[in-house]
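J.: The following block contains a protein sequence and its predicted model.
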Amino acid sequence: MSEKSAFQDNYPENVAHCYGCGRLNGHGHQIKTHWDGEESVTRYRPEPFHTAVPGYVYGGLIASLIDCHSTGTAAAAMYRAEGREMDTQPAFRFVTGSLHVDYLKPTPIAGPLEIRGRVKAIQGRKVIVESWVLAEGVVTARGEVTAVQMPESFFAAALPKPGAPTA
Ligand SMILES: CCCCCCCCCCCCCC(=O)SCCNC(=O)CCNC(=O)[C@H](O)C(C)(C)COP(=O)(O)OP(=O)(O)OC[C@H]1O[C@@H](n2cnc3c(N)ncnc32)[C@H](O)[C@@H]1OP(=O)(O)O
């Protein structure tokens, strides 16, 4: 992998279906995040239907962008800390432990958004990332995410129990 490919392009297939960032989810946002020095950056253009109050972006979308931007940044930061490329094994897999968002100003729906992030701390299995959303260079929301490396039991819990209804 080169530093030019997006973090999310390296997610293993079994964690590449996330609605916010999974490259294999055709219905999702498929965000793409890169390093820009010590900061990470995602650019995203909202669709007209991502509306809250007319002209402004729905807060749930903003939370989603901060969430997946930050979990991706957490994963990339762990690889950086180990001096490894993101396509090397063993793969780090993160989930959101906590997500906090402050909505500072209405976010205009016209034009692209930029989400930027910075790692606050790497502590054992968790990474704390602060991220902010910019519209035309103005910060409209700030967030903090605690991303935690998922235990193997996370996958087992997602599997249907024997005999359980499937639909
Ligand atoms: C290239 C490869 C990259 C792949 C990357 C894919 C990434 C993206 C994939 C898509 C992502 C999409 C995003 C999504 O939508 S992910 C979907 C939404 N998230 C979830 O469903 C997560 C559900 N929760 C859990 O599974 C467990 O509770 C987890 C795994 C989070 C922790 O259960 P576990 O039993 O493992 O934890 P532990 O008790 O050993 O604690 C470990 C450390 O973590 C700290 N902690 C725990 N919980 C919280 C909390 N709520 N706030 C703050 N901190 C918390 C804890 O204090 C401890 O720290 P310390 O005390 O040691 O300091």
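T.: Yep, it's here.
J.: okay, and for the protein, where does confidence drop off?
T.: 1-4, 155-167 (pLDDT under 70).
J.: who in it is up against the ligand?
T.: 10-12, 15, 18, 20-21, 67-68, 71, 75, 86, 91-98, 123-126, 146, 148, 150-151, 154 (C-beta under 6 Å from any ligand atom). Yep, even glycine has a C-beta here, placed from its N, CA and C like the rest.
J.: Can you flag the buried ones in the residues you listed?
T.: 10-11, 15, 18, 20-21, 67-68, 71, 75, 86, 92-94, 96-97, 146, 148, 150 (16 or more other C-beta atoms under 10 Å).
J.: Show the contacting residues for the residue lying closest to residue 10 once chain neighbours are set aside.
T.: Once flanking residues are discounted, residue 10 sits nearest to residue 86: 3.9 Å by C-beta to C-beta, 6 or more residues apart in numbering. Contact partners of residue 86, counting by C-beta atoms under 8 Å, 6 or more residues apart in numbering, are 1, 5, 7, 10, 75-76, 79.
J.: Isn't residue 109 up against residue 53?
T.: No. Contact criterion C-beta atoms under 8 Å: residue 109 and residue 53 do not qualify, at 9.6 Å.
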